[in-house]
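[1] pasting a predicted model and its sequence here:
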Amino acid sequence: MEIDNGNEFDMFKNAVKKGSDTMVKEKPNSTRIYDKDGFRRRAACICVRSENEAEVLLVTSSRRPGLWIVPGGGVEPEEEPSVTAVREVLEEAGVVGSLGRCLGVFENNDHMHRTEVFVMNVTKELDEWEDSRNIGRKRQWFTIDDAFTQLALHKPTQQHYLMQLMHSKTLDNTNRVVNATHPPTTTLTNAACSAAAASPTTA
């Protein structure tokens, strides 16, 4: 949702110039958080259902219900990104589980947001959840290759999340920042993942 209140946008720009995080109202129960560089702070989860991480859970887009995305959303005031990630997957995908490793922070310069992405091992899938009731959102498990193909149709920059998932088990991604402004330049094949493991994932 775009910021349409001129006064709030001026407040946001002034606060960014001061080098502090700032908050701009997005909707009645949600507030946008921006970092000192003017990037919106987000968090998301790559949800898996087994240790081999062969399948991931995607949800339908609220704007384009026929297309699939990785569940995630904006960080709320006084909220840690890990808490945001758990909250968003419950709201959007109706799943709970154990939060695992961080895949890094994915920066999108076109949309000016930075998304901290985590892995969640799903332990329970609810029959009904907030977004299924309110907007008819659906969820579905995909193989990694199929998820990569689905994301290419609507959220190609989120393909970076999957590429990082494939070669991150032995890496420390706590402070990793990935430029995810553009789609990956390679397809998600075993050869591509091996090559990605040897060098950082950038767009």
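    Good, I have the coordinates.

[2] neighbours of the nearest residue to A147 once chain neighbours are set aside, how many?
    Excluding its sequence neighbours, the residue lying closest to A147 (Cβ to Cβ, 6 or more residues apart in numbering) is V56, at 5.0 Å. The C-beta positions use only the backbone N, C-alpha and C, and glycine is treated the same way. Using other Cβ atoms under 10 Å, V56 has 26 neighbouring residues.

[3] so which bits of stretch 95-109 are buried?
    Buried residues in stretch 95-109, defined by neighbour count with 16 or more other Cβ atoms under 10 Å: 95, 97, 100-108.

[4] helix or strand: which one has the residue nearest to A147?
    Assigned by DSSP states H and E, V56 belongs to strand 55-60.

[5] returning to that earlier point: next, format the buried residues of stretch 95-109 as TSV and append pLDDT, distance to S61 and secondary structure.
    Formatted as TSV, these follow (pLDDT from 0 to 100; distance: Cβ to Cβ, whole Å; DSSP: H, G, I helix; E, B strand; the rest coil):
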residue	pLDDT	distance to S61	secondary structure
V95	98	17	strand
G97	97	22	strand
G100	95	25	strand
R101	95	26	strand
C102	96	24	strand
L103	95	21	strand
G104	94	23	strand
V105	96	22	strand
F106	96	18	strand
E107	95	21	strand
N108	94	16	strand
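
[6] show me which of those residues is closest to V75.
    V105 (11.7 Å; Cβ to Cβ).

[7] tell me how far the closest one lies from L90.
    From V105 across to L90, the span is 22 Å (Cβ to Cβ, to the nearest Å).

[8] name the residues linked to the residue nearest to L58 when sequence neighbours are not counted by a beta bridge.
    The shortest distance from L58 to any non-neighbouring residue, by Cβ to Cβ, 6+ apart, is to W68 (4.1 Å). For W68, the beta-bridge partners are T60 (DSSP bridges).

[9] now do the residue nearest to A147, the pLDDT please.
    V56 is assigned 98 on the pLDDT scale.

[10] and stretch 124-136, what's buried?
    125, 129, 131-132.

[11] among these, name the ones in strands.
    E125 (DSSP state E).

[12] do you know how far E76 is from F39?
    16 Å.

[13] again but with T123, I slipped
    Distance from T123 to F39, by Cβ to Cβ: 32 Å.

[14] for S168, same thing?
    22 Å.

[15] and these two? Which one has more around it.
    Between S168 and F39, counted using other Cβ under 10 Å, S168 has the larger neighbour count: 23 against 19.

[16] how about the helices in this structure?
    If DSSP state H is used as the criterion, the helices of the chain fall at 6-17, 81-93, 130-134, 144-154, 159-166, 190-198.

[17] low pLDDT regions in the chain?
    Scanning the chain for pLDDT under 70 picks out 1-29, 170-178, 180-181, 183-203.

[18] next up, the contacts around A147.
    Applying Cβ atoms under 8 Å, 6 or more residues apart in numbering to A147 gives the contacts 56, 58, 68, 162.
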